[in-house]
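1. Build me a structure from this.
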Amino acid sequence: MSEINVVVCSEQTEYRVAVKNLLETDDFNVIGYCGIEADTKTKIQGYVPDVVVFGVESDDINDEFLSFIDDLDLSSSGASAVILTDKVTVDIVNSAAQYGIRQVAALNTSAEEFSANLKKIVSNERKFSKKINVEKKQRSYVYAFFSGKGGVGKTTIATNLAVNLATKGKKTLLIDLDLQFGDADMALDLNPSETIVDLVRDAHGINADTLTTCCTTHSSGLSVISSPSSPELAEYVQPNHITSMLDVAKNYFDYIILDCGCNLTDPVIMALEGSDTIFMVNDVNILSLKRAKLCQNVLTQINQQDKLKILINKNQKKNNVKIADFENVLGLESYAVFSSDLKNINNSLNSGQPTVLFKPRAVISKELQAFTDKIILEREGKESLENTKKISRKKK
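-> Have a look, this model is predicted:
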């Protein structure tokens, strides 16, 4: 059985921690947490889990709570509902069964028993979904590009990845979170009529309609939410706005690319926490190495270190600082390495075209293409990668 994705829905930290501890094996992946609130359905749909574990005190398991779970309509997307509570009674089990809850488990259940039961539930649900032809949506993935140093090529790599994914038929959203000096729109030759500020200040809040309205579409099919038109407008974008944007966007996009600013502001920290992978971009010099280590320390403090992958940009054979220095100091292997090609990069930026479209046969473009393929392969598998290559060839 493939890895089982789990979302924990609870207002209490005790239950969130308990579920994480019960499922600490390679077979399970706790992909998100949410409370029991009005926008829970939107959040869960964005995660696309196999199982949603509701952690709640037995005294709070009543018809209102069970109706709340029923209204989420998890079975329509092939997901199962499980309740974890402090005390299991016959009445609770019977009531839960009437609302389609697959299991009610006690908080003191052993990890072996809990994980075995969840595997059985998911196996049965997948068989049932296959019989009635329920197609499970692919979970959206969020990649954050970050660096503690400017001028490392972070935006160049992020925009090229986003365009590459879009040309391969992937529904892709690029959000420029360099809120004071972002220029992803310029790198893509876009002239947005609305920016992220218009989105967060919309009277109707952040929803599918307002998000779509504030997106600018690139010729590749990529959707872009641009940074504020002026630095002083950055203050309008708050951390809760980042969370809301991601919750909504996950329901409509396969890949979400976050081009973060170089400063660890509250919105950037929220973006890093909301991502699945953090790509820290570095050029090859001692200052970049120092900043990379400092950033790694901060990510460790906010428990995001496991998401971190390092990218080396502007690599040259005669650098005094070597790639091995980054790998040794950070304790991580380089996820991808990109050559120094200032001529093609600058020409592509000046033309408003991503390098992969401006000079597709250049070495740097081939490296960016390999980077995209690696991401698709890891997330979707070999068959999907081959299908995307066919789509790209047809477009050419």
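
2. Sketch out the low-pLDDT regions of the stretch 1-150 of the chain for me.
-> Judged by pLDDT under 70, the stretch 1-150 of the chain has its weakly predicted residues at 1, 128-137.

3. secondary structure class for the most centrally placed residue in the chain?
-> Geometric centre of the chain, nearest residue: V142, 1.8 Å, by CA atoms, centre = their mean. Per DSSP: H, G, I helix; E, B strand; the rest coil, the secondary structure class of V142 is strand.

4. ok, it to E57 distance?
-> As defined by CB to CB, to the nearest Å, V142 lies at a distance of 32 Å from E57. The C-beta positions use only the backbone N, C-alpha and C, and glycine is treated the same way.

5. Could you list every helix and strand in contact with the strand or helix carrying G46?
-> Secondary structure from DSSP states H and E places G46 in helix 40-47. When contacts are defined as 3 or more CB pairs under 8 Å, 6 or more residues apart in numbering; DSSP states H and E, helix 40-47 sits against strand 4-9, strand 28-34, helix 239-249.

6. Single out the most deeply packed of the ones you listed.
-> Highest mean neighbour count of the helices and strands packed on helix 40-47: strand 4-9, a mean of 23 (counted as mean count of other CB atoms under 10 Å).

7. Each with direction, which strands does that strand pair with?
-> strand 28-34 (parallel), strand 51-55 (parallel) (DSSP bridges).

8. Using CSV, list the CA coordinates for it.
-> What follows is strand 4-9, C-alpha atoms only, in CSV (Å, rounded to 0.1, in the frame of the first residue of the first chain):
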residue,chain,number,x,y,z
ILE,A,4,-1.3,7.2,3.7
ASN,A,5,-1.9,10.9,4.0
VAL,A,6,-3.6,12.0,7.2
VAL,A,7,-5.1,15.4,8.3
VAL,A,8,-5.7,15.9,12.0
CYS,A,9,-8.8,18.0,12.9
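
9. how about the strands paired with strand 4-9, which one is nearest N347?
-> With CB to CB as the criterion, N347 lies closest to strand 28-34 of those, at 40.6 Å.

10. For K359, which of the strands paired with strand 4-9 is the nearest?
-> K359 sits nearest to strand 28-34 of all these, at 37.6 Å, using CB to CB.

11. So what angle separates the directions of the closest one and helix 40-47?
-> 150 degrees (axes from the mean of the first three to the mean of the last three CA atoms, to 10 degrees).

12. State the mean pLDDT of the helix or strand that S384 is a member of.
-> Here S384, judged by DSSP H and E, is contained in helix 382-395. For helix 382-395, the mean pLDDT works out to 68.

13. related to what we said a few turns ago, as JSON lines, the helices and strands packed on helix 40-47 with distance to N160 would be great.
-> JSON lines is the format used below for these (distance: least, CB to CB, whole Å):
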{"stretch": "strand 4-9", "distance to N160": "29"}
{"stretch": "strand 28-34", "distance to N160": "27"}
{"stretch": "helix 239-249", "distance to N160": "20"}
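
14. For A324, find the nearest of the ones you listed.
-> Among the helices and strands packed on helix 40-47, if distance is taken as CB to CB, the winner is strand 28-34, at 31.4 Å.

15. chain center to that closest one: distance?
-> 12 Å (CA atoms, centre = their mean, to the nearest Å).

16. Run the angle between that strand and helix 239-249 for me.
-> Using the same axes, to 10 degrees: strand 28-34 against helix 239-249 is 120 degrees.

17. can you pull up the bridge partners for Y141?
-> Beta-bridge pairing of Y141 under DSSP bridges involves Y255.

18. mind saving the C-alpha coords of the helix or strand harbouring N160 as CSV?
-> Here N160, judged by DSSP H and E, is contained in helix 154-167. C-alpha atoms of helix 154-167 as CSV (Å, rounded to 0.1, in the frame of the first residue of the first chain):
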residue,chain,number,x,y,z
LYS,A,154,15.9,32.8,-6.4
THR,A,155,13.2,34.5,-8.6
THR,A,156,14.9,33.2,-11.8
ILE,A,157,14.7,29.6,-10.6
ALA,A,158,11.2,30.0,-9.2
THR,A,159,9.7,31.6,-12.3
ASN,A,160,11.4,29.1,-14.6
LEU,A,161,10.1,26.2,-12.6
ALA,A,162,6.6,27.6,-12.6
VAL,A,163,6.6,28.2,-16.3
ASN,A,164,8.1,24.7,-16.9
LEU,A,165,5.3,23.1,-14.9
ALA,A,166,2.6,25.1,-16.7
THR,A,167,3.9,24.1,-20.1
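
19. What residues sit buried inside the helix or strand that comes right after it?
-> Using DSSP H and E, the helix or strand that follows helix 154-167 in sequence is strand 172-177. The neighbour-count check on strand 172-177 (16 or more other CB atoms under 10 Å) flags 172-177 as buried.

20. what does stretch 201-218 contact?
-> Contacts to stretch 201-218, defined as CB atoms under 8 Å, 6 or more residues apart in numbering, come from residues 163, 166, 173, 185, 188, 190-196, 198-200, 223-226, 236, 241, 244-245, 248-249, 251-252.
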